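Peer 1: the sequence isn't on hand, but the structure is:
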Ligand SMILES: Nc1ncnc2c1ncn2[C@@H]1O[C@H](COP(=O)(O)OP(=O)(O)OP(=O)(O)O)[C@@H](O)[C@H]1O
């Protein structure tokens with residue numbers, strides 16, 4: 001199986017209080033084509049930093065990161081990254097015109113994507129009138145506009161209410177099933193990781209390192225609340241992940 005993301009022995013330090021603090025140490029991670037991988041771990045363990053390094057937004061200072069040559073990456077952040085001075089449609093078309101598409105072709109492609117994410121009716125609206133969930137749909141449509149092979153998402157649904165979050169998770173799975181894209185996403189949420197991921201990479205803090213990589217060997221869809229076997233297997237996985245989290249906790253008063 002070809003890896004889209006190949007991270008070996010990767011390390012990262014940031015300056016902190018006049019010294020260099022190691023934030024990531026010896027990270028090994030291979031993500032296969034078409035896989036959904038969740039980066040899960042306690043606050044501050046370096047999930048976002050690892051994702052930003054994969055995206056090329058941050059430099060690592062040791063180890064290796066290999067991506068396919070000229071790989072196209074789409075990125076979705078928690079804070080809805082939309083341009084408020086452009087209409088919904090032009091938000092999506094913008095990246096395409098930057099890549100050399102004509103305005104007409106870019107608008108056409110934008111309309112198709114808005115259709116996919118359920119925002120066709122808002123194409124001409126300003127982004128200020130969109131709800132949080134709609135803005136996040138728009139952010140996803142924008143990330144998909146460049147036809148990325150690799151979709152990187154940093155807590156994409158963290159700011160949404162439970163119902164909208166569920167809708168967005170289903171939307172992501174639908175788009176993924178249609179396109180077979182490779183997805184790496186950061187989450188705090190154990191249930192979200194179990195619902196979406198093929199594998200869960202559990203990071204432990206100080207410095208951020210891979211604690212374990214857990215395959216989620218459950219059939220999709222995974223939200224059927226009437227399937228007792230599925231519920232039981234999800235519960236077993238959840239309990240395993242909670243135990244891992246508890247085992248990472250430092251005694252109160254321990255310093256970094
Ligand atoms: N640009 C930076 N300069 C200095 N330190 C940074 C920088 N970015 C992140 N850090 C530090 O690196 C560590 C990891 O941060 P990161 O945001 O990657 O963690 P995280 O696991 O995504 O956390 P959270 O779940 O709270 O978002 C933290 O201690 C953070 O303060």
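Peer 2: The structure has been received and is ready for your questions. Note that the structure is predicted; figures quoted are calculated from it, not measured.

Peer 1: give me the neighbour count for residue 107.
Peer 2: Using other C-beta atoms under 10 Å, residue 107 has 18 other residues around it. C-beta: built from backbone N, CA, C; applies to glycine.

Peer 1: mind checking the longest helix of the chain?
Peer 2: Secondary structure assigned by DSSP state H gives helix 228-248 as the longest helix of the chain.

Peer 1: what residues sit buried inside stretch 53-60?
Peer 2: Of all the residues in stretch 53-60, those buried under the rule 16 or more other C-beta atoms under 10 Å are 53, 54, 55, 60.

Peer 1: and what of stretch 215-227?
Peer 2: Across stretch 215-227, burial judged by 16+ other C-beta under 10 Å covers 216, 218, 222.

Peer 1: repeat for stretch 97-105
Peer 2: Per 16+ other C-beta under 10 Å, stretch 97-105 contains these buried residues: residue 101.

Peer 1: re earlier: so what does the longest helix of the chain touch, helix or strand wise?
Peer 2: With contacts defined as 3 or more C-beta pairs under 8 Å, 6 or more residues apart in numbering; DSSP states H and E, helix 228-248 has these neighbours: helix 190-196, strand 199-204, strand 209-215.

Peer 1: quick one: which of those is nearest residue 33?
Peer 2: With C-beta to C-beta as the measure, strand 199-204 is the member of these nearest residue 33 (13.5 Å).

Peer 1: the longest helix of the chain vs the ligand: in contact?
Peer 2: No. Using C-beta under 6 Å from any ligand atom, helix 228-248 stays clear of the ligand, coming no nearer than 12.1 Å.

Peer 1: can you tell me which two in the buried residues of stretch 53-60 are farthest apart?
Peer 2: Within the buried residues of stretch 53-60, two members stand farthest from each other by C-beta to C-beta: 55 and 60, at 11.8 Å.
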